[in-house]
Structures are given as structure tokens and as C-alpha cells.
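Chemist: What follows is a predicted structure for the sequence shown.
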Amino acid sequence: MPTLRTAARCLLPALLALLVGCASVASGERRYQFDLTLLNYEKAVRWGEWQVAQGFRKPGAAPLELARYAGKRVTGYQTVAMQPSPDGREVTAQGRIDYLDEASQSTRQVDHAQLWQYDAERNRWYLLSPLPLLE
């Protein structure tokens, strides 16, 4: 007849594996959610939907000045670097934006450093850095 100690030895590894599995599923879901958030942010910037892009910023962020985007047409957006923090709650990313300055008819490129943070209460990612400056 198995003793309590024998049963505990058998169940303990299984419980630990289950806990580790749950943690990796949660972080996997968080990573998937970040990828989806970044994709939608890229689309908003790529199509010049600055009000939508502003919606990715954390509540209380500085208001959007739409006038600074007048006469600028984004022609491309690419994420060129991404580094998650060890705990997976922050991600630094670098976006490269190509755009046309309609006044001078010249194309330009700007790199946009981004800091993203996961908000566990709201279960979503927020952009902490300002929107890109197109000069």
C-alpha cells in the first residue's frame, strides 16, 4: 500500500510541471497579444491613422497634436528590432518609418524607439513612448 510520502513524491513533479506549463502558457498568450498589438499599431501608423495610433498610448498620455502630421504621408513601416524584458512585461522596439513630405516632395526616413508595457489589470499592452515625430 503506497504511503503518503510515496504519493507526494509522485505528485510533486507533476504539479510542478503543471505550474511551469501554466506560466509559459500565460507568457505565450502575452507574447501573442503583444505581436497582435504591434501589428495593429504598425497598420495605424502605416496608414496615417494617428488618432488610432494614439489609442495605443497609456491613458493620461500627452494629447495628440494632429497638425504636426499635416503634409506627411507614411509610405512604409517596418519593425527592425525588438527586445522583451526578462519578466516579459516590457518590450523595447525600434520601428523604421518611411514617409513623403508633400511640401518638398522628398522622401524621408525616421527611426522610432518604442517602449511597450503590459498592464495586467487591463490585460493589454500600452505604448509608453510618444508617437513618432515626422519632421
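Modeler: Everything's here; your move.

Chemist: secondary structure class for S27?
Modeler: Counting by DSSP: H, G, I helix; E, B strand; the rest coil, the backbone at S27 sits in helix.

Chemist: From A93, how far off is S85?
Modeler: With distances taken as Cβ to Cβ, to the nearest Å, S85 is found 12 Å from A93. From N, CA and C alone the C-beta is placed, and that goes for glycine too.

Chemist: who has more neighbours, the two?
Modeler: Just comparing S85 and A93: by other Cβ atoms under 10 Å the higher neighbour count belongs to A93, 21 against 13.

Chemist: Next up, identify which helix or strand that one is on.
Modeler: Secondary structure assignment for A93, by DSSP states H and E: strand 90-101.

Chemist: Give me the below-cutoff pLDDT ranges for the chain.
Modeler: 1-26 (pLDDT under 70).

Chemist: Okay, strands next: where are they in it?
Modeler: Ranges of strands in the chain, per DSSP state E, are 72-84, 90-101, 106-119, 124-127.

Chemist: Present these as CSV; the columns should include distance to G60.
Modeler: Converted to CSV, these look like this (distance: least, Cβ to Cβ, whole Å):
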stretch, distance to G60
strand 72-84, 24
strand 90-101, 18
strand 106-119, 12
strand 124-127, 10
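
Chemist: right, and K58 touches W116 too?
Modeler: No. The pair K58 / W116 is not scored as a contact, 9.9 Å apart, by Cβ atoms under 8 Å.

Chemist: list residues touching both of those two?
Modeler: 126-128 (Cβ atoms under 8 Å, 6 or more residues apart in numbering).

Chemist: Which entries within the residues you listed meet the buried criterion?
Modeler: By neighbour count, with 16 or more other Cβ atoms under 10 Å, the shared contacts of K58 and W116 hold 126-127 as buried.

Chemist: I'd like to know which of the shared contacts of K58 and W116 is nearest to K72.
Modeler: Each of those was scored against K72 by Cβ to Cβ, and L127 proved nearest at 19.1 Å.
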